[in-house]
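Novice: Sequence and predicted model, in that order:
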Amino acid sequence: MSISPDPPTQSKKPVIVYIGGCNVTQGGAERTHTQGIVNYLRKHADLYFIGGYDAGSQPVAVGLLPSREWFLPVSRGLIGKIRHELNVVALVERIIRETGCRVDFIYCRYRLLAMLSGVRLARRGMPQFIEYNDSATVQLQWGARSGLWRGPGKWLRSNPLTIALIRWTEAVLFRRAAGVIAITAPLRDYVRSLAPEVPVVAIGNGSDPMSVRPLDKTESRRQLGLDPEGRYFVHVGTLTCWDGLDRVLEAWAELDDHQSPARHLLIVGKGHDEEHLQRLAADLRITSVTFVGELTRSQALTYLGAADVGLLLKTIDEYGLSPIKLYEYMAAGRPIIASDIDDINIVGDLGIGATVPMPLEREALKETIRRFLSMSAEQLDAMGQRARDILCERFTWDKRGDQILGWVHENLP
């Protein structure tokens, strides 16, 4: 099928190719982030979107504004991912050939093997800006230490040679880029340590206050069959060994069950730590916790609407954090309890929640939860409204997109 260029317009927009992740159609933070950035770019550029999806499934709607988009199946394993990168290059070249467009730049979400496509595209004179979202090496090391991987898999993932190979690959990728957009200041500094000559900036994530709105707490609880007078704390997201929920449960078990208002912990999501957390809650004989499981986005937002406080507790602190849930909690108008980690510890500075010192300790968590239990509903609502007001003023996708696009134009070759 041929690729047709858009009809000429009065004002020349930049032409951008956005290359997404290997499974951009999956739910969760990656898709939400992709929606936010891509929909911003679509309003300000002639955009061509390329994303991957798991070859064992069917691609689903990502929720993008009308644009020219292609979804490439990605087979499991190393060979499948290598083939995907080569297909990406071929598709970019086809877009240019059939449309006659001159691509101003390529915006590429970080993928470790993007080194393969990045090198080839750089040789063809196409400026590429890398969006660096996460540290693969830290997650590998934490997974090995936590017992997530065992046997040969654990050795392979945590082996110093593997870590060194990943860092070498990242260095090659960054050095071929025209610039790197890191989502935290510590990640920016890490990129500089590998490629000091490459321009790099720290610009965090955001949220769309039009799609995430404060829901009526009474109505949300009625829909979910929850106590209208209770005090609900909620975690929304993947359940991993670095989410600190085991520490939360240990602190929760030591709180007084007879105080008023009655407290309840809602854990929304699934992940490799789910069974461990359920066993821990049973061993601690906690009755005031509900493991809700995986939900659609709209269902998860209903639980967030029913909650009084959002939990954002992490145990990884090497490279800071800019999780989507921070901004979605803010957009939903909910106070936040967060770990004292770079970027998410703004909740304390902004007066929209409280931070818990690192490393997370049971006593500190317990005292912080008690403080929120002692607040009135009016105090919590006022704190939540302040969170949303700040989000709308500083952390929308449009604000983030303006920062990114302005910085990219300053650093185009």
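Specialist: Structure's in. What do you need? Residues are numbered from 1 along each chain as shown.

Novice: tell me the average confidence for stretch 165-172?
Specialist: For stretch 165-172, the mean per-residue pLDDT is 90.

Novice: What of stretch 214-230?
Specialist: Across stretch 214-230, pLDDT averages out at 95.

Novice: Next, the buried residues of it.
Specialist: Under the neighbour-count criterion of 16 or more other CB atoms under 10 Å, stretch 214-230 has P214, L215, K217, S220, R221, L224, L226 buried. Glycine gets a C-beta too; all of them are placed from N, C-alpha and C.

Novice: End to end on stretch 371-379, go ahead and measure it.
Specialist: Taking CA to CA, to the nearest Å, the first and last residues of stretch 371-379 lie 12 Å apart.

Novice: For the host helix or strand of I404, output the C-alpha coordinates as CSV.
Specialist: Using DSSP states H and E, I404 falls within helix 397-410. C-alpha atoms of helix 397-410 as CSV (Å, rounded to 0.1, in the frame of the first residue of the first chain):
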residue,chain,number,x,y,z
TRP,A,397,1.4,17.1,28.3
ASP,A,398,1.1,20.4,26.4
LYS,A,399,3.5,22.0,28.9
ARG,A,400,5.9,19.1,28.7
GLY,A,401,5.6,19.0,24.9
ASP,A,402,6.4,22.7,24.6
GLN,A,403,9.5,22.1,26.7
ILE,A,404,10.6,19.1,24.5
LEU,A,405,9.9,20.6,21.1
GLY,A,406,11.6,23.9,22.1
TRP,A,407,14.7,22.1,23.3
VAL,A,408,14.8,19.8,20.2
HIS,A,409,14.7,22.8,17.8
GLU,A,410,17.5,24.5,19.8
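
Novice: What are the buried residues along that helix?
Specialist: The neighbour-count check on helix 397-410 (16+ other CB under 10 Å) flags W397, K399, R400, G401, Q403, I404, L405, W407, V408 as buried.

Novice: cool, stretch 351-371 as well?
Specialist: Buried positions in stretch 351-371, judged by neighbour count with 16+ other CB under 10 Å: 352-356, 358, 360, 362, 364-366, 368-369.

Novice: same thing with stretch 379-391?
Specialist: Across stretch 379-391, burial judged by 16+ other CB under 10 Å covers L380, D381, M383, G384, R386, A387, R388, I390, L391.

Novice: And the contacts of it?
Specialist: By CB atoms under 8 Å, 6 or more residues apart in numbering, the list of residues contacting stretch 379-391 from outside reads 206-207, 209, 214, 308-309, 327, 329-336, 347, 350-353, 372.

Novice: From the chain's centroid, how far away is it?
Specialist: Distance of stretch 379-391 from the chain centroid (CA atoms, centre = their mean, to the nearest Å) equals 22 Å.

Novice: With stretch 115-128 instead?
Specialist: How far stretch 115-128 lies from its chain's middle: 26 Å, per CA atoms, centre = their mean.

Novice: How far does the helix holding I404 sit from its chain's centre?
Specialist: Its chain's C-alpha centre lies 18 Å from the corresponding centre of helix 397-410 when counted by CA atoms, centre = their mean.
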